[in-house]
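Peer 1: Show me the folded form of this:
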Amino acid sequence: MTDALSGDVGEATDRQPLTLVGLTDPHDVADVVSAATSRAFCSASRSRQRGPHHIGLSSLSRCTRAAAHALAGTDPSDDHDAGEGRAANLGTWEHAGLLPELSDQFADGTDERTVTLHAAGLSLVGHIDLDLPDAVIDLKTVGEWRLQAVLRSGAFADHIMQAAAYATAKVQAGEHPRWMIILYMDRSTGAIHPVVIPFTNRHVMMVIDRATELREWATTDPDRAPRRDAGGSPMYGPGFTFQCDDCPFMHRCWGDDARRGQRVTRQFADEETQALLLEYIAMNAAEGPAKRRKAEIVRLLEHTRYGDYGPVRYKRGQDSQIDDVYEAARMLGQLGYEMPKMWKRAPVSIKLIKPPKVPRRAKSKKGTNET
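Peer 2: Numbers count the residues shown, from 1 in each chain. From the prediction side, this is the model:
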């Protein structure tokens, strides 16, 4: 390989600049361009990297344990160099390009407005993507599958928490927003779906309760804080959850065998294991009927033209050839050979042995009015 590309592409930006001068092999040219792109992403990530104890308004929606450690001032167990963070960087660049233009479409829009939330003795600073007198708009760039999930089930709970925190900060500044608008956008196609949620007192209390929860964990035992975000979604560890990969407390949380970006077999706490097993049972109960119904729908649509039907696009990819193991077995038998065998792991069995306990709902406080 040429000297134009030597060393680790993730090293500091004061490295010798790359060059294509003198290269004659197209593969070498491609390698240098790929390395330059990788280094560009790393450089962008470094420019946004913050200290291990930084906690902003958006931290309310993220991992409870990580936020508790940050608030407690826990010594970090990890000093990660900024990675490429391609999805995050693409989202940041799309924010930077779209938000000023989007703001200009409103008579009274302000993009990247700085606000401060005061709750539970904390002062958390954040930036509203697009602020309007009666609304906050939070742009979320996502992959196609997440956009499909939003179209199917609505906004993610942690995104609602973040938007509510911005709106609550506006209330504390003497303003009265009516709407929280989470603007989901497919980062690859630009397809959007705005989720509009009326802002109420319930959201204010939700934000204050969340800040109180983080403060309590920080002042008691951050190591026992749940590894879950504000919506209850679990953090499964490095290699499974990007937040765990970049967490300054990764080894403290997941043990000495934790490796950034690598999935390591590990033991979960009993309550985490129970949650995973119950989630599996719920998915399993829905999976069979859903698969059968999906197959039935495909059969019903077999002679329907492909195209757009309201909000839905119906199409099929190109047919492809696959190995026919049954024909291969028949041919081997005719030639006098036995079909090669391999061990197959037995299926796992996860079943309820008694009804799970359902947590009681907290009684609503009398006199609470929603705006």
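Peer 1: When you work out contacts or count neighbours from here on, use the C-alpha atoms and nothing else.
Peer 2: Noted.
Peer 1: which one is residue 159 nearest to, not counting chain neighbours?
Peer 2: Excluding the flanking residues, the one nearest residue 159 by CA to CA, 6 or more residues apart in numbering is residue 61, at 7.0 Å.
Peer 1: Please name the residues that touch the one you found.
Peer 2: Residue 61 sits next to 158-159, 161-162, 229-231 when contact means CA atoms under 8 Å, 6 or more residues apart in numbering.
Peer 1: top of those by neighbour count?
Peer 2: When neighbours are taken as other CA atoms under 10 Å, the top entry among the contacts of residue 61 is residue 162 (24 neighbours).
Peer 1: what helix or strand is that one on?
Peer 2: According to DSSP states H and E, residue 162 maps onto helix 157-172.
Peer 1: Just the C-alphas of that helix, formatted as CSV.
Peer 2: Presented in CSV, the C-alpha positions along helix 157-172 are these (Å, rounded to 0.1, in the frame of the first residue of the first chain):
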residue,chain,number,x,y,z
ALA,A,157,-41.4,8.0,24.5
ASP,A,158,-37.9,9.4,25.0
HIS,A,159,-38.4,11.9,22.2
ILE,A,160,-41.6,13.1,23.8
MET,A,161,-39.7,13.6,27.1
GLN,A,162,-37.1,15.7,25.3
ALA,A,163,-39.7,17.9,23.5
ALA,A,164,-41.6,18.3,26.8
ALA,A,165,-38.4,19.5,28.5
TYR,A,166,-38.0,22.2,25.8
ALA,A,167,-41.6,23.3,26.2
THR,A,168,-41.3,23.3,30.0
ALA,A,169,-38.3,25.5,29.8
LYS,A,170,-40.3,27.9,27.7
VAL,A,171,-43.1,27.9,30.4
GLN,A,172,-40.5,28.8,33.0
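Peer 1: Name the residues of it that come out as buried.
Peer 2: 158-170 (16 or more other CA atoms under 10 Å).
Peer 1: can you check stretch 259-277 too?
Peer 2: 259-260, 272.
Peer 1: Restricted to helices, list these.
Peer 2: The helices, defined by DSSP state H, take in residue 272 from the buried residues of stretch 259-277.
Peer 1: sorry, back to before: pull the distance from the helix holding residue 162 to the chain's centre.
Peer 2: In terms of CA atoms, centre = their mean, to the nearest Å, the centre of helix 157-172 is set 18 Å apart from its chain centre.
Peer 1: Equivalent analysis for stretch 270-284, please.
Peer 2: Worked out by CA atoms, centre = their mean, stretch 270-284 lies 20 Å from the chain centre.
Peer 1: again, but for stretch 120-135
Peer 2: With CA atoms, centre = their mean, you get 21 Å for stretch 120-135.
Peer 1: Good, we can wrap up now.
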